[in-house]
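Participant: Sequence and predicted structure are below.
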Amino acid sequence: METKNAEANVSAISNFIKNIVNEDLKSGKVSQVVTRFPPEPNGYLHIGHAKAICTNFEIADDFNGLTNLRFDDTNPVKEDVEYVESIKEDVKWLGFKWDGLFFASDYFEEMYSRALVLIRKGLAYVDDQSADEIRETRGTLTQGGTNSPYRERTIEENLSLFERMRAGEFKDGERVLRAKIDMSSPNINLRDPVIYRILHAHHHNTGDAWCIYPMYTYAHPLEDAIEGVTHSLCSSEFEDQRPFYDWVIRECEMPNVPRQYEFARISLMNTVTSKRKLKQLVDEKAVDGWDDPRMPTISGLRRRGLTPESIRNFVRELGVSKGGGGSVVDTRMLDHFIREDLKLKALRTMGVLNPLKVVITNYPEDQVEMLEAENNSENPEMGNRMIPFSREIYIEQDDFMENPPPKYFRLFPGNEVRLKNAYFIKCNDFIKDADGNVVELHCTYDVETKSGSGFTGRKVKGTIHWVDAKSAVPAEFRLYEPLILDDEEGEEETSFMDKVNPNSLQIVQGFVEDNMKSVSPHDKFQFFRHGYFNVDPKYTTPDHLVFNLIVSLKSSFVV
């Protein structure tokens, strides 16, 4: 790997990890910072991983260090190349570039050799107990466990059995290799943890070369040491594992000694980030795949329309703090950063989601005029566009009421409103269908009130949006609510699935301006009064536009 200049380029925002790294460089404890992002390729990355990605890459960047992307592929039963490729894409999309691309499976031979070191030192033994028996004798969080009857096997016997495990002589689950530490330890993670198990399964990277696979907690510190990682940064649930992490590095006699540091993870309201639960949502078809815009996966957030900048800014605002599982973050905070990022980028246009036809009875039947509209009032550099206007238009159904309540300033019989970028119109009559639903309005317009003309003869209190019926482009709008109704993840799978919001997706058919005909997947727009939308990359075709609601326009959240 390329060596970068170790001179620090620390950003103004500091945190406890940056302070540690800075001191390590000053004292000469390390000469170059090396971090890593080590996902297991058993699912798609989610918003919680975004914090780990940003933390590892940005801290290394601040100190001109290196960051590796490493796949902890130690469990072939759950892992797939599909997940490997999706993770690469997600990291790139977030704006980061790794210095080295590695797999835990690259080091299987080294890990096996280090296990032999442990056996020869009398610090590992082959156990014939079943998984259930090991679990039952492990003890509880407050009470120590009991020794395995196979714990005092001789070094020679353990070496022979472990070699036979590798040779494929035993069935899955028939034997395991355990570290020999302390079954009475108050830390349950030090009670002779399993470090190798038998799995006769095809591996995506090594094929059928192995039938024994290291456990993650054993493999991970070895991977860090082999790669020369200096600061192993992970979320707080791994804090109790740190003593075993250090034990593995020390007793396996690794020449490089990385240090593990834990930070608080992200927990979002009305969101689940458990890979198991996310997979259950996909498998039970409660969502439209891993990239469903309701999912907290990076691919789902990307398809919905979030920008990498908004996610990075959100993570930076949360900061890097110690301890605990992290507080539950209001999703409106993420929404705030989406709006802040898009407000100067997104073209502002008009879309009608629940159309109601309006006939302007005093407008010439065969006339079409072009009206000028700003593309973004907060960013004049985005320029203007011309939009067609004619006798028939569409407005939102809820912009008309036959019997309005007080302070309703939109259309009702006898009332006048401004059409955005157009004229004042006045409602004179309406038509209902056989079921009593209003299906058409008859209005008149005042030619003197053209937008931008300087008309000051009178004022109206309401401004509504519209699209020209003759040139309008049909579009599908996908509107989203939180996927999970409860603010906390359920413990039981049944209760978890019961919390899935049946109204999390609403699909409506409407219209957009004719200048939207040539949009591309992932183009982003602000539809007047509705919110920010993204052109869906999965279902949009040249003849069928699909827009995903990214976020509504307003929020009460204050950063």
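Facilitator: Received the coordinates, thanks. Numbers count the residues shown, from 1 in each chain.
Participant: is it true that R478 lies in a strand?
Facilitator: Yes: counting by DSSP: H, G, I helix; E, B strand; the rest coil, R478 is located in a strand.
Participant: So what does the residue lying closest to it once chain neighbours are set aside have for phi and psi?
Facilitator: Closest residue to R478 apart from its sequence neighbours, by C-beta to C-beta, 6 or more residues apart in numbering: N548 at 5.0 Å. (Each C-beta comes from the backbone N, C-alpha and C, glycine too.) Per-residue torsions, N548: phi -100, psi 130 (degrees, to the nearest 10).
Participant: who does N548 bridge with?
Facilitator: Per DSSP bridges, the residues bridged to N548 are R478, N534.
Participant: which residues does it contact?
Facilitator: Applying C-beta atoms under 8 Å, 6 or more residues apart in numbering to N548 gives the contacts 293, 303-305, 478, 480, 533-536.
Participant: repeat for P364
Facilitator: Contacts of P364 (C-beta under 8 Å, 6+ apart): R391.
Participant: For the residue nearest to R478, give its distance to E317.
Facilitator: To E317, N548 is 24 Å away according to C-beta to C-beta, to the nearest Å.
Participant: Could you tell me which ranges of the stretch 251-400 of the chain sit under the pLDDT cut-off?
Facilitator: 323-327 (pLDDT under 70).
Participant: Tell me which stretches of it form strands.
Facilitator: 259-263, 267-268, 328-329, 347-349, 351-352, 355-360, 369-374, 384-389, 392-396 (DSSP state E, counting those that start in this stretch).
Participant: which of the ones you listed is buried the deepest?
Facilitator: Stretch with highest mean neighbour count among the strands of the stretch 251-400 of the chain: strand 351-352 (a mean of 28; mean count of other C-beta atoms under 10 Å).
Participant: for it, packing partners?
Facilitator: Secondary-structure packing of strand 351-352 (3 or more C-beta pairs under 8 Å, 6 or more residues apart in numbering; DSSP states H and E): strand 392-396, strand 505-512.
Participant: which of the contacts of N548 lies closest to W98?
Facilitator: R303 (23.3 Å; C-beta to C-beta).
Participant: and R250, how many residues sit next to it?
Facilitator: When neighbours are defined as other C-beta atoms under 10 Å, R250 has 11 of them.
Participant: What distance do you get for it to P258?
Facilitator: On the measure of C-beta to C-beta, R250 and P258 end up 12 Å apart.
Participant: nearest spatial neighbour of L222, skipping sequence neighbours?
Facilitator: Nearest to L222 is M111, by C-beta to C-beta, 6+ apart, at 5.5 Å.
Participant: Name the helix or strand for the one you found, please.
Facilitator: Taking DSSP states H and E as the criterion, M111 maps to helix 108-120.
Participant: re the thing from before, tell me which of the strands of the stretch 251-400 of the chain sits nearest to N42.
Facilitator: Checked against C-beta to C-beta, the stretch from these lying closest is strand 267-268, at 20.6 Å.
Participant: Against which helices or strands is that closest one packed?
Facilitator: Short answer (3+ C-beta pairs under 8 Å, 6+ apart): strand 267-268 packs on strand 328-329.
Participant: Now do the contacts for the residue nearest to P41 when sequence neighbours are not counted.
Facilitator: Closest residue to P41 apart from its sequence neighbours, by C-beta to C-beta, 6+ apart: Y83 at 3.9 Å. Each residue near Y83 by C-beta under 8 Å, 6+ apart is listed here: 41-44.
Participant: Would you mind putting those into CSV with pLDDT, secondary structure and neighbour count alongside?
Facilitator: Listed next are the contacts of Y83 as CSV, based on pLDDT from 0 to 100; DSSP: H, G, I helix; E, B strand; the rest coil; neighbours: other C-beta atoms under 10 Å:
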residue, pLDDT, secondary structure, neighbour count
P41, 95, coil, 25
N42, 92, coil, 18
G43, 91, coil, 23
Y44, 95, coil, 26
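Participant: which residues of this protein score low on pLDDT?
Facilitator: Scanning the chain for pLDDT under 70 picks out 1-13, 323-327, 487-494, 555-559.
Participant: Tell me, how many residues neighbour E110?
Facilitator: Neighbour number of E110 under other C-beta under 10 Å is 15.
Participant: how close does the nearest residue in space to it that is not next to it in sequence sit to A104?
Facilitator: Once flanking residues are discounted, E110 sits nearest to I226: 6.3 Å by C-beta to C-beta, 6+ apart. As judged by C-beta to C-beta, I226 and A104 stand 10 Å apart.
Participant: And those two? Which one has more around it.
Facilitator: A104 (25 against 20).
Participant: From the chain's centre, how far out is stretch 468-478? Work that out for me.
Facilitator: 31 Å (C-alpha atoms, centre = their mean, to the nearest Å).
Participant: Run through who's touching that stretch.
Facilitator: Counting contacts by C-beta under 8 Å, 6+ apart, the residues outside stretch 468-478 that touch it are 293, 351-353, 357, 368, 387-390, 392-394, 505-514, 516-517, 533, 536, 539, 544-549.
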